[in-house]
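1. my questions are about this predicted structure, shown below with the sequence.
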Amino acid sequence: MVKRISIIAVFLIAVVGLVFAGIGIKKNIYNNKIKAQLAQAEISLTEGKLLEARDAYKNILQEDLDVTTAKVAYEKLGGLNVKILFSPVKTQDSVIYKVQDNDTLDAIAKKYGTTVALLARANNIKSGIIRQGMNLKVCTAKFSIIVDKSQNVLTLKSGEDVVKTYVVSTGANSSTPVGTFKIVTKIVDPPWYSGGKAIPSEDPKNVLGTRWLGLTLKSYGIHGTTDDVSIGTQCTQGCVRMHNADVEQLYAIVPIGTEVTIVD
C-alpha cells in the first residue's frame, strides 16, 4: 500500500514538473517572440522605414508585456510618431500640396491649420523660402493636449490617437486649474513678468525656459524651464512646466487654437 502511494506521489510530482516545464517553454517562446519583434522594429527604424517601425511597435504594444518592455516600446513609439511628423513621409493625416505663385509657408500653414515650424521641418526647409511647383507634405492632423495633474504627464493626441507623452511639472497645492482651454499665444524665448518687472529670457532669474504656450486662462500656460530637476513634481505656481527640448518639440507641432484639457 505504501509502495503504491509512493508511486502515485512520484507520478503526480512528475506531472506537475511537466506542467511547469511546459509553462516555462511557452514563456521562453513568448519572450523570444517579443525580442524578435523588437529587433525587427529596430531594423526597420535603422533602414529608415519609419511607418514599418511604427506599426511594429504598435503591434508589440498589443501583446501582454511586462512593465519594463511596455515602457520601452511606448517611448519608442512616441519618438517615432514625432520623427514621422518631422519627416517628408506621407501619412493618412497629411496631404501633398503643390506650391502656387505667391504662396508663403505662413499662408499654407494657416490654410491647413498647422504650424510654419512643422511645415519647414517636415519638408527640410531651412531658409523659409519656397518656390512655385514644389510639393510639400502638409500635416492635417487635429491635435489636442491632455494634462494629468495626478501623474504629471502631458499627452499629445492626434484625433483619438496618442502621439507622445511627456513628463511635466504642475502646480504646487493643486494650483494648476482644471478644465478645457485653448492655446492663444506662442512665444519664443518669453520674458517673465515678476514683481511688475519684465525679466528677459537670457536672465538666469527667468524661469520660463525657451518657449511659452499661453492658454485662454490669463497668466497660465505651458512653458520650458531653467530647473530640469523639478520636472515630474508638483512645484509650479500653476503653469505646466516641461523640459526645454520637449516644449520646443510641442511648440513646433501644435498651432494656436489647440485644445488643452487639464484633469486631476
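-> Good, I have the coordinates. Numbers count the residues shown, from 1 in each chain.
2. alpha carbons of the lengthiest strand in the chain, as CSV, please.
-> Secondary structure of the chain per DSSP state E: the longest strand is strand 179-188. Taking Å, rounded to 0.1, in the frame of the first residue of the first chain, the C-alpha atoms of strand 179-188 are listed here in CSV:
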residue,chain,number,x,y,z
GLY,A,179,-10.8,72.5,-17.3
THR,A,180,-10.7,72.8,-21.1
PHE,A,181,-8.7,75.7,-22.6
LYS,A,182,-7.1,76.7,-25.8
ILE,A,183,-3.6,77.9,-26.8
VAL,A,184,-3.9,81.5,-27.7
THR,A,185,-0.3,82.7,-27.7
LYS,A,186,3.0,81.2,-28.7
ILE,A,187,6.3,83.0,-27.8
VAL,A,188,9.9,82.1,-28.4
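3. now the one helix or strand Val147 maps to: mean pLDDT?
-> For Val147, the host element (DSSP states H and E) is strand 143-148. Mean pLDDT, strand 143-148: 98.
4. re earlier: which helices and strands does the longest strand of the chain pack with?
-> strand 211-215, strand 259-263 (3 or more C-beta pairs under 8 Å, 6 or more residues apart in numbering; DSSP states H and E). (Each C-beta comes from the backbone N, C-alpha and C, glycine too.)
5. go with 10 Å
-> Under the contact definition 3 or more C-beta pairs under 10 Å, 6 or more residues apart in numbering; DSSP states H and E, strand 179-188 sits against strand 143-148, strand 211-215, strand 221-223, helix 244-253, strand 259-263.
6. distance to Ile108 and mean neighbour count for these - can I get that in TSV?
-> Below are the helices and strands packed on strand 179-188 laid out as TSV (distance: least, C-beta to C-beta, whole Å; neighbours: other C-beta atoms under 10 Å):
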stretch	distance to Ile108	mean neighbour count
strand 143-148	17	20
strand 211-215	22	22
strand 221-223	25	24
helix 244-253	15	20
strand 259-263	22	18
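7. tell me the spacing between the residue positioned nearest the centre of the chain and Thr170.
-> Residue closest to the mean C-alpha point of the chain, counted by C-alpha atoms, centre = their mean, is Lys164 at 1.6 Å. From Lys164 across to Thr170, the span is 18 Å (C-beta to C-beta, to the nearest Å).
8. between the longest strand of the chain and helix 244-253, how many degrees?
-> Angle, strand 179-188 to helix 244-253, by axes from the mean of the first three to the mean of the last three C-alpha atoms, to 10 degrees: 100 degrees.
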